[in-house]
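# what follows is a predicted structure for the sequence shown.
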Amino acid sequence: MRMLGISVYPEQSDYDSDRKYLDLAHKYGYERVFTSLLQLKDDNGEDILSKFKKVVDYANSLGMKVIVDINPALFTDLEIKYDDLKFFSDLNVWGLRLDEGFSGLEEAQMTRNPYGLKIELNMSRGTHYLDQIMDYAPNSDNLLGCHNFYPQSYTGLSENIFNEYSKGYRQFNIHSAAFVSSHVATMGPWPVSEGLPTLESDRNRPVASQVNHLLLSNQVDDVIVGNAYASEEELKSIASAFKAPEPFLQVNFGSKMNETERKIALDEIQLYRGDASAYLLRSTMSRIKYKNESIPAHDQNGKFQRGDVIIVNDDYARYKGELQIALCEFPNDGKRNVVGRLTESDLPLLDYVKPWSSFKLIEA
């Protein structure tokens, strides 16, 4: 089952602020919590650990599942052996995320721990890391994947790498996650505040569009807000996009759109016809429902541009009422009205809408 998540950083915050943030996220249906233990390397580690434990206990009291980020160096610092994970069981966490991994054998053995702890792999490592682990027959019920987030601008994953590195997790049916970034949060594991998305293209995108991006990619299950604290408005918007029955694309509509066109664009679930054209995404059911409605011609000048939202008008009788989205530039024949245009943030998401998939349009 897919889950929404948030991140907290107890070593940088105070308990009351983290508790309020957990309460707020829980109110909107967030179910998992990411935090990092990578900062437990100094002489004050024990005190910091007690702060973590208090926050973990509160998250558990809300029924939320906490995963802590660690690496092999931290195992050494805390004198923990990979074949004895009692430390993490005593910390009452749901699982541990391996920011850096071992050789494959250790990860597989960790999934067979007696505490039922989840072992979450760093999906952004790529190479044949997952294959190496699967060769050692892990307990796949305890194996998860989660991408990195990237504090520094222009260092997030490209679309191609994200899709390529995620593919293996889909093939092995391993539950997976990636991060989106709040635009008001300032806290992360490191002293950089340039956002914490997995995909670089998401860094400046509205939060709902980031969620739609990950959902439309169909490469991960869970969505986690990487930085803290997201605003209540952002948490609500992310949850709304995540739980929507259909993914949606945001549109800036023109002033000449009439009431019938508005109903076709906004009230209907759009289904991308499978006999797809290179020029147009076609959603045709509306031409049956609205066949008796009048759709006078308007906005007939210039050429159609990729991302234009179009409705066929009265001058194309058989096809009148059909909603289309231009996939490339082509001449305006006067039989189609441009009623709006995908927002700049959502225009790139058009690549992820595939034939026979359904989606909604919403007003930006």
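Yep, that arrived. Numbers count the residues shown, from 1 in each chain.

# the helix or strand harbouring F34 pairs with which strands?
Assigned by DSSP states H and E, F34 belongs to strand 32-36. Partners of strand 32-36 in the sheet, by DSSP bridges, are strand 4-7 (parallel), strand 65-70 (parallel).

# now the helix or strand just after the last one - C-alpha only, CSV.
Beyond strand 65-70 in the direction of the C-terminus, DSSP H and E gives the next helix or strand as helix 72-77. C-alpha atoms of helix 72-77 as CSV (Å, rounded to 0.1, in the frame of the first residue of the first chain):
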residue,chain,number,x,y,z
PRO,A,72,28.5,1.4,7.2
ALA,A,73,30.7,4.0,9.0
LEU,A,74,27.9,4.6,11.5
PHE,A,75,27.8,0.9,12.2
THR,A,76,31.4,1.1,13.1
ASP,A,77,31.0,4.3,15.2
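
# now the helix or strand following helix 72-77: buried residues?
Sequence order places helix 86-90 as the next helix or strand after helix 72-77, per DSSP H and E. Using 16 or more other Cβ atoms under 10 Å as the test for burial, helix 86-90 gives F87, F88. Just so you know, the C-beta spots here come from the backbone N, C-alpha and C atoms, and that holds for glycine as well.

# and for stretch 107-119?
For stretch 107-119, the neighbour count (16+ other Cβ under 10 Å) marks E107, A108, Q109, M110, T111, N113, L117, K118, I119 as buried.

# so which residues make contact with it?
Stretch 107-119 has contacts (Cβ atoms under 8 Å, 6 or more residues apart in numbering) with 67, 82-83, 85-86, 88-89, 93-96, 98, 101, 121, 133, 136-144.

# which strands and helices sit next to the helix or strand following the strand holding F34?
Toward the C-terminal end, the helix or strand that comes next after strand 32-36 (DSSP H and E) is helix 45-61. Helices and strands touching helix 45-61, by 3 or more Cβ pairs under 8 Å, 6 or more residues apart in numbering; DSSP states H and E, are helix 15-27, strand 32-36, strand 65-70.

# now the strands for the stretch 101-250 of the chain?
118-122, 143-146, 176-180, 222-225, 248-253 (DSSP state E, counting those that start in this stretch).

# can you give me the neighbour number for A297?
The number of residues packed around A297, counting by other Cβ atoms under 10 Å, is 13.

# now do the SS call for it.
coil (DSSP: H, G, I helix; E, B strand; the rest coil).

# per-residue confidence for the closest residue to it other than its chain neighbours?
Nearest residue to A297, sequence neighbours excluded (Cβ to Cβ, 6 or more residues apart in numbering): N313, at 4.6 Å. pLDDT, N313: 96.

# next: D47.
Confidence at D47, expressed as pLDDT, is 67.

# now do the same contact list for S209.
By Cβ under 8 Å, 6+ apart, the neighbours of S209 are D202, A241, Q250, T343, S345, D346, L349.

# quick one: the helices in the stretch 251-364 of the chain?
In the stretch 251-364 of the chain, helices defined by DSSP state H, counting those that start in this stretch lie at 259-266, 286-289, listed in chain order.

# show me how far the first one is from its chain's centre.
Per Cα atoms, centre = their mean, to the nearest Å, the displacement of helix 259-266 from the mean C-alpha position of its chain is 29 Å.

# quick one: buried residues of stretch 310-320?
By 16+ other Cβ under 10 Å, the buried positions in stretch 310-320 come out as I310, I311, V312, N313, D315, Y316, Y319, K320.

# beta partners for the residue lying closest to the last one once chain neighbours are set aside?
So that's K320. Nearest non-adjacent residue to K320, counting by Cβ to Cβ, 6+ apart: V312, 5.4 Å away. Taking DSSP bridges as the rule, V312 bridges to R336.

# against A228, how distant is the spatially closest residue to V192 that is not a sequence neighbour?
Distances taken as Cβ to Cβ, 6+ apart place P151 nearest to V192, at 4.0 Å, with adjacent residues excluded. Distance, P151 to A228, by Cβ to Cβ, to the nearest Å: 13 Å.

# can you list residues touching both of these two?
Listed contacts common to P151 and A228 are G188; contacts here mean Cβ under 8 Å, 6+ apart.

# more crowded one of the two?
It is A228, of P151 and A228, that has more neighbours when counted by other Cβ under 10 Å, with 23 against 20.

# residue ranges in the stretch 201-350 of the chain under the pLDDT threshold?
Counting by pLDDT under 70, not a single residue of the stretch 201-350 of the chain qualifies.

# still on that earlier bit, just the helices of the stretch 251-364 of the chain: most buried one?
Stretch with highest mean neighbour count among the helices of the stretch 251-364 of the chain: helix 259-266 (a mean of 19; mean count of other Cβ atoms under 10 Å).

# could I get that one in CSV with only the CA atoms?
Once non-C-alpha atoms are left out, helix 259-266 reads as follows in CSV (Å, rounded to 0.1, in the frame of the first residue of the first chain):
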residue,chain,number,x,y,z
GLU,A,259,-19.7,27.0,-20.3
THR,A,260,-19.9,23.8,-22.4
GLU,A,261,-16.2,23.8,-23.0
ARG,A,262,-15.6,24.4,-19.3
LYS,A,263,-17.7,21.3,-18.4
ILE,A,264,-15.8,19.2,-21.0
ALA,A,265,-12.4,20.3,-19.7
LEU,A,266,-13.0,20.3,-16.0
